[in-house]
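In: structure for this input, please:
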Amino acid sequence: MAVLTVEFRSEVLTKATKVKILVNQSAKPPYPSFYLLHGLSDDESIWTRHTSIERYAWAYPFLIVMPDGGRGWYSDTRLGNYESYIVKELVAFVDGLFPTRKQAQYRAIGGLSMGGYGALKLGLKYPRVFGSISAHSSAVGFMRWVDKDTTIPEAPLVADSIDKAANDPYELALSCPEKQRPHIYFDCGRSDFLYEDNQHFDALLRKNKIPHTYHRFDGAHEWSYWDTHIQDALKFHAKAMEL
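Out: Okay, here's the model as predicted:
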């Protein structure tokens with residue numbers, strides 16, 4: 001497994017940034033790709049430092065692309081244009097750097113916590129870019145409680161500079177065209193403080209007969225949980241891509 005850290009200037013973010021990429025040297029190009037997002041307190045290095053994803057990835061032909069999303073909630077706000085960076089600039093950058101399979105079916109997005117929110121939001125908002133979504137312990141209801149949050153310093157900046165409905169996975173799930181709808185997987189631990197949000201999202205999808213896979217497991221908002229269940233996400237994306 002080749003582990004690459006690429007440093008470059010993002011024109012969208014107007015700053016230098018980093019992306020970590022896992023390349024399975026036993027896989028044959030063109031590669032499918034899996035964009036894997038981090039949580040609020042982390043960066044592009046966190047998945048390789050706190051899970052065994054490098055070892056798990058040997059079983060799959062994906063490029064695993066792990067960007068630094070700052071604390072920007074993968075949205076275009078006064079904190080930075082992190083939505084446009086991921087969807088428009090980074091995808092084009094990776095597709096230009098590597099021989100990739102460029103159809104949406106072969107491009108996945110996933111993440112945990114803030115990154116789980118980002119994966120659900122971006123996947124549902126851009127179904128022509130991403131064909132499958134995975135989310136662990138997702139802050140899926142963030143746009144519904146951002147105005148009330150007093151624990152996240154960035155919350156007021158997000159709330160004041162964004163169209164909440166246009167960035168709410170609940171609304172996006174309902175408005176995503178049926179024939180373009182990505183494959184959806186998400187899970188949450190029963191002891192996680194975001195458990196109720198994930199329960200509500202599952203109920204919305206079931207009520208509206210939107211196909212998805214949702215699992216509740218024992219566990220909390222912690223790395224031992226994510227290390228275990230990133231393996232489920234990898235299997236899910238491989239099946240969605242028919243690899």
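In: run a quick neighbour tally on the residue nearest to Y31 when sequence neighbours are not counted.
Out: Counting by CB to CB, 6 or more residues apart in numbering, Y31 lies nearest to L63, which is 4.6 Å off, once chain neighbours are set aside. Every residue, glycine included, has its C-beta placed from N, CA and C. Around L63 there are 27 other residues, counting by other CB atoms under 10 Å.
In: now do the helices in the protein.
Out: 46-50, 53-56, 82-84, 91-97, 114-125, 142-145, 155-160, 169-175, 195-207, 223-240 (DSSP state H).
In: can I get these in a markdown table with mean pLDDT, mean neighbour count and distance to G72?
Out: Shown next, in a markdown table, are those (pLDDT from 0 to 100; neighbours: other CB atoms under 10 Å; distance: least, CB to CB, whole Å):
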| stretch | mean pLDDT | mean neighbour count | distance to G72 |
| --- | --- | --- | --- |
| helix 46-50 | 98 | 18 | 15 |
| helix 53-56 | 98 | 16 | 23 |
| helix 82-84 | 98 | 21 | 4 |
| helix 91-97 | 98 | 15 | 17 |
| helix 114-125 | 98 | 28 | 9 |
| helix 142-145 | 94 | 20 | 12 |
| helix 155-160 | 90 | 16 | 8 |
| helix 169-175 | 98 | 19 | 17 |
| helix 195-207 | 98 | 16 | 20 |
| helix 223-240 | 98 | 19 | 20 |
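In: out of these, flag the one nearest A27.
Out: helix 223-240 (11.7 Å; CB to CB).
In: so how far is that closest one from its chain's centroid?
Out: 12 Å (CA atoms, centre = their mean, to the nearest Å).
In: other SSEs contacting it?
Out: helix 46-50, helix 53-56, strand 107-112, strand 132-136, strand 183-189, strand 213-217 (3 or more CB pairs under 8 Å, 6 or more residues apart in numbering; DSSP states H and E).
In: 6 Å instead?
Out: helix 53-56, strand 107-112, strand 132-136, strand 183-189 (3 or more CB pairs under 6 Å, 6 or more residues apart in numbering; DSSP states H and E).
In: the ones you listed: which one's closest to S10?
Out: It is, among the helices and strands packed on helix 223-240 and with distance given as CB to CB, strand 107-112, at 17.9 Å.
In: direction included, what does the closest one pair against?
Out: In the sheet, strand 107-112 lines up against strand 33-37 (parallel), strand 132-136 (parallel) (DSSP bridges).
In: mean confidence score for the last one?
Out: When pLDDT is averaged over strand 132-136, the result is 98.
In: tell me which residues in it are buried?
Out: S132, I133, S134, A135, H136 (16 or more other CB atoms under 10 Å).
In: C-alpha coordinates for that strand, PDB please?
Out: Below are the C-alpha coordinates for strand 132-136, written out as PDB (Å, rounded to 0.1, in the frame of the first residue of the first chain):
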ATOM      1  CA  SER A 132     -22.500   5.800  -2.900                       C
ATOM      2  CA  ILE A 133     -22.400   7.300   0.600                       C
ATOM      3  CA  SER A 134     -21.300   6.000   4.000                       C
ATOM      4  CA  ALA A 135     -21.600   7.800   7.300                       C
ATOM      5  CA  HIS A 136     -20.600   6.700  10.900                       C
END
